[in-house]
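A.B. asks: Here is a sequence together with a model predicted from it:
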There are 2 protein chains.
Amino acid sequence: ETLSINWLHQADVVVVGSTKRKEIPVSWIRPGTTIVNCYPDFLSGKISLKFERWIQSQQYREWNLHCLKLQPLSPVPSDIEISRGQSPKAVDVLAKEIGLLADEIEIYGQTKAKVRLSLLERLKDQTNGKYVLVAGITPTPLGEGKSTVTIGLVQALTAHLNVNSFACLRQPSQGPTFGVKGGAAGGGYAQVIPMEEFNLHLTGDIHAITAANNLLAAAVDARILHESTQSDKALYNRLVPIVNGVREFSSIQLARLKRLGINKTDPGTLTADEINTFVRLDIDPSTITWQRVLDTNDRFLRKITIGQANTEKGFFRQAQFDIAVASEIMAILALTTSLADMKERLGKMVVANDKNGQPVTAEDLGVTGALAVLMKDAIKPTLMQTLEGTPVFVHAGPFANIAHGNSSVLADKIALKLVGEEGFVVTEAGFGADIGMEKFFNIKCRASGLVPSVVVLVATVRALKMHGGGPNVTAGAPLKKEYTEENLQLVADGCCNLQKQIQIAQLFGVPVVVALNVFKTDSHAEVDLVCEIAKQSGAFDAVPCNHWSAGGRGAVELAQAVRKAASQENRFKYLYNLELPIIEKIRIIAQKVYGAKDIELSPAAQSQISRYSKQGFGNLPICMAKTHLSLSHQPERKGVPTGFILPISDVRASIGAGFIYPLVGTMSTMPGLPTRPCFYDIDLDPDTEQVKGLF
Amino acid sequence: ETLSINWLHQADVVVVGSTKRKEIPVSWIRPGTTIVNCYPDFLSGKISLKFERWIQSQQYREWNLHCLKLQPLSPVPSDIEISRGQSPKAVDVLAKEIGLLADEIEIYGQTKAKVRLSLLERLKDQTNGKYVLVAGITPTPLGEGKSTVTIGLVQALTAHLNVNSFACLRQPSQGPTFGVKGGAAGGGYAQVIPMEEFNLHLTGDIHAITAANNLLAAAVDARILHESTQSDKALYNRLVPIVNGVREFSSIQLARLKRLGINKTDPGTLTADEINTFVRLDIDPSTITWQRVLDTNDRFLRKITIGQANTEKGFFRQAQFDIAVASEIMAILALTTSLADMKERLGKMVVANDKNGQPVTAEDLGVTGALAVLMKDAIKPTLMQTLEGTPVFVHAGPFANIAHGNSSVLADKIALKLVGEEGFVVTEAGFGADIGMEKFFNIKCRASGLVPSVVVLVATVRALKMHGGGPNVTAGAPLKKEYTEENLQLVADGCCNLQKQIQIAQLFGVPVVVALNVFKTDSHAEVDLVCEIAKQSGAFDAVPCNHWSAGGRGAVELAQAVRKAASQENRFKYLYNLELPIIEKIRIIAQKVYGAKDIELSPAAQSQISRYSKQGFGNLPICMAKTHLSLSHQPERKGVPTGFILPISDVRASIGAGFIYPLVGTMSTMPGLPTRPCFYDIDLDPDTEQVKGLF
């Protein structure tokens, strides 16, 4: 076959063809590709040289990063003031500094850019950097600062130790930003900037998920209505209409016929039975598990009745809205490894059962392609920067309550190529290590095939005192004096939780560095005590961190400890074998990770497990939906509870994302607005266009 | 006052101050500004020269546009194939070509950019170009091609006549894109490219509206719940909490106190009565008019019951979701003139009445600032290009059913500056001229203060035959032979509708050019007949257009006619005076525009009118919610119906947007998915990342 090549005006495209020109992306041509019968100008020395240069340009590029100077103030100003006080680099400058090619980024405003997945192909022969997970001990309801540690650590590594590093963070839901929790860009002098861009809309990924999720939901109910009110013939005439005198199946319909074992391509030749099979999904409305979503804290949508207008002819039913990040499509975005893989996962999502108990999928509804189209840009991670100008990926943010609560596989993979062999990628797992870290290893690392080098376990004196028997910590209420005055006994007693979480990490064979996130009320003695106990409990090292008040400089000791730990021998292993029965996998997590005596399944849970096993979903990993406020299922049991039986009330599945999720008690999937929501303080100055009151 | 100036590293910022430096935008400094006590380096000749150059750079810049060549194929390929066959210019190149400064755009990927409103300040002394409205005759349900005429006209003006021009289009809802209607980027060789970027997500404006709209909706129900379940004291303690030992009102709360006539700033000094007034909005749930929205065709959300979870304690109520573009926030986006104006309008939106019948606003709920923050980027128009590389703004798309169905005032205003005095801005009004054009003049032109130069009235032989008595035209069904074969009698009879629509435009004193959008089945005789009758009916000119098959070249004759018409004397006037009573304004529209004998108000409509008049909203313009398929309220009455009484079933108000909207019959605010939605043909190729099947 003849093949000719020529340059166009766009740097990322070459023309290939003999008589008819055809454009292909440059990324298809790799060093070593044989090129024959080129156009004359390609064969000229000038163009050949250009081609050599191009091949050169495709190699890994060393970083040439200019960090931003920080001058921390005391007392530490508000997050938005700190964020606004720093001028971020233009994102295209940042991208160039870290070796991205101009055609590998899509700029969104001055400070955000999406990065194309083609980079993974270009750098496929590049060795990955070190892979660091930031997890935490069992937290108070206030959170113990995993995001700030993540950002402080990369600021320290890159801006202070001159080591390439990347932070990979989750995109936060806008619901809590305006509700109770506030933003999620870190805090103090360890932040992603501009923090308002991070917290609001970003590059539209969650909006794309909302659109895709709700298109599928609308398709489910509309299909039930149309099937219920039309004969087979009427349905068939509408589904396969005569257009300009021709009647044809669409490619989506041909695929469905194939799945149904009907090997016909002419719509005129189907028998009445075949038509019936083809046109009817026969969805059982009582089995619908696909919910609508919104990225708003709207408690009144937790339980609703839909379809009450006359036009829906009495087909009302009970339904609910979840927060957008709880959508299975978010979990897919976080776990997918390519566009083709995402499309396949979207098609496999189960939305209900049919009246024979068989799963009905997005693919059966013919909506896979449309969902992939809606998600085509969301799959690209968003590049931003820290306060010190080091690179950050923000990508995906599956709800830790019912999904795995980890940022995306694709962002981690791209970052691991970009940092180079000696560089570090720091990624974060939601909730305590018993939940977020366990899922990181057993679900996310399985999906990606990546091997973690180090676990950073974040602890605070505050949370340890709570585990040691300190009074309740409640969001919104002032802290009791036990937490603001030195109390070594409470700290010592509470370190049992830290010890247990260290042991959990060790189950997976990964070295642990404890990062003690220091508050201004912590005494030296308290800090020293925690670090001492942590090291005695098996941590590779334990260091205090002051990134919140000092930026990267406050986390240099942590960065050094992490570098040392990463050079340790790696004995990473999964906790369970996928081939084990679902119940066995649940029991292993409950006993080995949570410290339960055993598990107890409700009848509903048992019947769901046998259904999933029969449907062929038994070999999926397990994603426990358990409170993060205790190692057990009871939030009030602090420290290291023992002897408890973990009750599994129900078992559900995210087949597209690829996990089974047992419910340990009720998990809320839609937060609400409190009496005084965050939005009371949020404002926009119309003259300066500046956002106020975000935190 | 002393004032000193110096340059920073960023080109758009100067430093002003005597001892303390303060940054202000360069746009505040205009030619003629007196600057004293500058820093020494500013006083040096070098910097002075730089300042001169900068002042020069702020002036209007002539265009230097490189148009893209079109080579139309026959038969005309599908829209997406045509779109993909053309390589758009990089959007930053386009922006530079049309005189935008580098800091006036925010790039979103390769082909879209948001344009900053600061341009309006920079070019405030520049004379506006000519302002052309594209409207249509009463259409068939298939639409008669207003968008393609709009795009064909600018392609002709700029790529073929070398006259600066800008098309201003609405952003389409994603609901219909995946439902029945398909995309809205034009069609054939008159399109905005890339059409999939136009039709999907764009730069996230509709997603921002959805987020803002639903935050307000969630705030309404949450507030009712919290007020219903808490004492005055508990509410007050939560709304004005002690933080770090200090109790303070937020600025939003201080503003509310002021509105309530309570001139206190210390939370400790309010009396019990004042606290009661302050903490309770006392919303009457039965009066809530603020609905939730989604940008999905989801018919099952047309009527729902919300709040049925136990956590909502029995406060369930009936509600609905509308399509996102029906949100009042979309109407505000389309009518606003600045960030400050948008914020003010958002605050004025009425969501319900209190138990005393007084309006409750977004401002009362304390959410104005948060809404403005969510909308801060959406207010900037999005720059794209036509198939021939000429500039297009895409911005706002209020639902023509219940709002004014016109693209944004801001996009038109910016475009009118950019094209220069001799250039043209072509904007489009939804539905037929009796609806879209009437609202364009009476609502949009009133909000903007802009004066239109020409109306282009789009007609098709198909629609005229329908008005002449041809058989029904239905979406999805093949056209009857009357429409595909020559029938001069039907055409002649149907021209009454064209004549009437011309007369409606003449009520406003604006010259009319009829654009006959030619289909391949139209005969020469039919085309000539329409143009002849149009001219006899008072049109300034009437010309056939072939932009769909030929691109701009097919609309050159139209472009020439529009240029001539624009040089006519302008006698533009509004149809009614705002000070007239609401009923009088409705009657004027019904009689003078629709040709009704009179109007008839339901008791509900009457009581709403007196309520709005009492509440001080009587001086707003009127936005009729009437079918577009007939000049009357009965879709089946084609041609020019007479003698009918227009029934007003209800009257509602969009106070933030600034109009009263009477309902003429029931208007659907949530489309549904048909048996075979568009998404059956939509797919994504995971290897090439190309979208298929969009139209």
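C.D. replies: Here it is on my side, so go on. Residues are numbered from 1 along each chain as shown, chains lettered A, B, ... in the order given.
A.B. asks: How about the residue of the stretch 551-695 of chain A found nearest chain B, nearest residue that isn't a chain neighbour?
C.D. replies: Closest to chain B within the stretch 551-695 of chain A is residue A:683: 3.2 Å, counting by Cβ to the nearest Cβ. Glycine gets a C-beta too; all of them are placed from N, C-alpha and C. Computed as Cβ to Cβ, 6 or more residues apart in numbering or on different chains, the closest residue to residue A:683 that is not its neighbour in sequence is residue B:369, at 3.2 Å.
A.B. asks: for residue A:578, same thing?
C.D. replies: Computed as Cβ to Cβ, 6+ apart, the closest residue to residue A:578 that is not its neighbour in sequence is residue A:619, at 4.9 Å.
A.B. asks: What about the one you found, how many residues nearby?
C.D. replies: Residues contacting residue A:619 under the criterion other Cβ atoms under 10 Å in any protein chain shown number 15.
A.B. asks: where does it land in three-state SS?
C.D. replies: coil (DSSP: H, G, I helix; E, B strand; the rest coil).
A.B. asks: Next, find the distance separating it from residue A:582.
C.D. replies: Distance, residue A:619 to residue A:582, using Cβ to Cβ, to the nearest Å: 9 Å.
A.B. asks: same thing with residue A:488?
C.D. replies: Residue A:488 sits at a distance of 45 Å from residue A:582 (criterion: Cβ to Cβ).
A.B. asks: quick one on the thing from earlier: tell me who's in contact with the residue of the stretch 551-695 of chain A closest to chain B.
C.D. replies: Neighbouring residues of residue A:683 by Cβ atoms under 8 Å, 6 or more residues apart in numbering or on different chains: A:691-693, B:251-252, B:368-370, B:372-373.
A.B. asks: mind redoing it with 6 Å?
C.D. replies: Listed by Cβ atoms under 6 Å, 6 or more residues apart in numbering or on different chains, the contact set of residue A:683 reads A:692-693, B:369.
A.B. asks: likewise residue A:132?
C.D. replies: By Cβ under 6 Å, 6+ apart, residue A:132 lies in contact with A:424, A:426, A:454, A:562.
A.B. asks: can I assume the last one is in contact with residue A:455?
C.D. replies: Read it as residue A:562. No. Between residue A:562 and residue A:455 there is no contact under Cβ atoms under 6 Å: 9.7 Å.
A.B. asks: did I read that right, residue A:661 in a strand?
C.D. replies: Yes. Assessed with three-state DSSP, residue A:661 lies in a strand.
A.B. asks: thought it was touching residue A:624?
C.D. replies: No. Assessed by Cβ under 6 Å, residue A:661 is found out of contact with residue A:624, at 7.1 Å.
A.B. asks: thinking again about what came up before, and the residue nearest to residue A:683, what helix or strand is that in?
C.D. replies: Per DSSP states H and E: residue B:369 is located in helix B:368-374.
A.B. asks: and what of residue A:233?
C.D. replies: Assessed by DSSP H and E, residue A:233 sits inside helix A:232-239.
A.B. asks: one step back: immediately after the helix holding residue B:369, which helix or strand?
C.D. replies: Going down the chain from helix B:368-374, the next helix or strand is strand B:382-386, by DSSP H and E.
A.B. asks: Check which helices and strands the next helix or strand after that next one sits against.
C.D. replies: For strand B:382-386, the succeeding helix or strand toward the C-terminus, using DSSP H and E, is strand B:391-394. Here strand B:391-394 touches strand B:165-169, strand B:382-386, going by 3 or more Cβ pairs under 6 Å, 6 or more residues apart in numbering or on different chains; DSSP states H and E.
A.B. asks: now stretch A:444-454, how far from the centre of its chain.
C.D. replies: In terms of Cα atoms, centre = their mean, to the nearest Å, the gap separating the centre of stretch A:444-454 from the centre of its chain is 14 Å.
A.B. asks: List the contacts of the one helix or strand residue A:154 maps to.
C.D. replies: Element membership for residue A:154 (DSSP H and E) is helix A:146-154. Applying Cβ under 6 Å, 6+ apart, the external contacts of helix A:146-154 come out as A:134, A:136, A:165, A:167, A:186-187, A:190, A:386, A:390, A:426, A:428, A:458, A:515, A:517, A:547-548, A:555, A:558-559.
A.B. asks: give me the subset of the residues you listed touching chain B.
C.D. replies: Among the contacts of helix A:146-154, not one lies near chain B by Cβ under 6 Å from any Cβ of the partner chain.
A.B. asks: Restricted to helices, list these.
C.D. replies: Applying DSSP state H to the contacts of helix A:146-154, the entries found in helices are A:547-548, A:558-559.
A.B. asks: quick one: the helix or strand that the helix holding residue A:233 is followed by near chain B?
C.D. replies: The element immediately downstream of helix A:232-239 (helix or strand, assigned by DSSP H and E) is strand A:242-243. No. Residues of strand A:242-243 contacting chain B under Cβ under 6 Å from any Cβ: none, with a closest distance of 7.5 Å.
A.B. asks: Given the next helix-or-strand element following strand A:242-243, what are its sheet partners and their directions?
C.D. replies: Using DSSP H and E, the next helix or strand after strand A:242-243 towards the C-terminus is strand A:246-247. Looking at strand A:246-247 with DSSP bridges, its partner strands are strand A:242-243 (antiparallel).
A.B. asks: avg pLDDT for the strand it pairs with?
C.D. replies: What strand A:242-243 shows for mean pLDDT is 85.
A.B. asks: before we move on, the earlier item: is it true that the residue nearest to residue A:683 touches residue A:680?
C.D. replies: No. Applying Cβ under 6 Å as the test, residue B:369 and residue A:680 come out as separate, 8.6 Å apart.
A.B. asks: So which of these two has more stuff around it?
C.D. replies: A direct count of neighbours by other Cβ under 10 Å for residue B:369 and residue A:680 places residue B:369 higher, at 26 against 22.
A.B. asks: how about the more buried one, what does it touch?
C.D. replies: The contact partners of residue B:369, taken as Cβ under 6 Å, 6+ apart, are A:682-684.
A.B. asks: Let's see that with 8 Å instead.
C.D. replies: By Cβ under 8 Å, 6+ apart, the contact set of residue B:369 is A:679, A:682-684, A:692-693, B:252, B:343.
A.B. asks: export these to a markdown table and tack on secondary structure and distance to residue A:463?
C.D. replies: A markdown table is the format used below for the contacts of residue B:369 (DSSP: H, G, I helix; E, B strand; the rest coil; distance: Cβ to Cβ, whole Å):
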| residue | secondary structure | distance to residue A:463 |
| --- | --- | --- |
| A:679 | helix | 28 |
| A:682 | coil | 28 |
| A:683 | strand | 33 |
| A:684 | strand | 35 |
| A:692 | strand | 31 |
| A:693 | coil | 27 |
| B:252 | helix | 33 |
| B:343 | helix | 41 |
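A.B. asks: just checking, what packs against the helix or strand encompassing residue A:463?
C.D. replies: Following DSSP H and E, one finds residue A:463 within helix A:461-467. Packing partners of helix A:461-467 (3 or more Cβ pairs under 8 Å, 6 or more residues apart in numbering or on different chains; DSSP states H and E): helix A:488-507, helix A:524-536.
A.B. asks: Quick check: the gap between residue A:476 and chain B.
C.D. replies: Noted for residue A:476: a distance of 7 Å to chain B, by Cβ to the nearest Cβ, to the nearest Å.
A.B. asks: Just give the nearest non-adjacent residue to that residue, would you?
C.D. replies: Leaving aside its chain neighbours, residue A:476 sits nearest to residue B:241 (7.1 Å; criterion: Cβ to Cβ, 6+ apart).
A.B. asks: Just confirm residue A:475 contacts residue A:142, I think it does.
C.D. replies: Yes. Residue A:475 lies in contact with residue A:142 (Cβ atoms under 8 Å); the separation is 6.1 Å.
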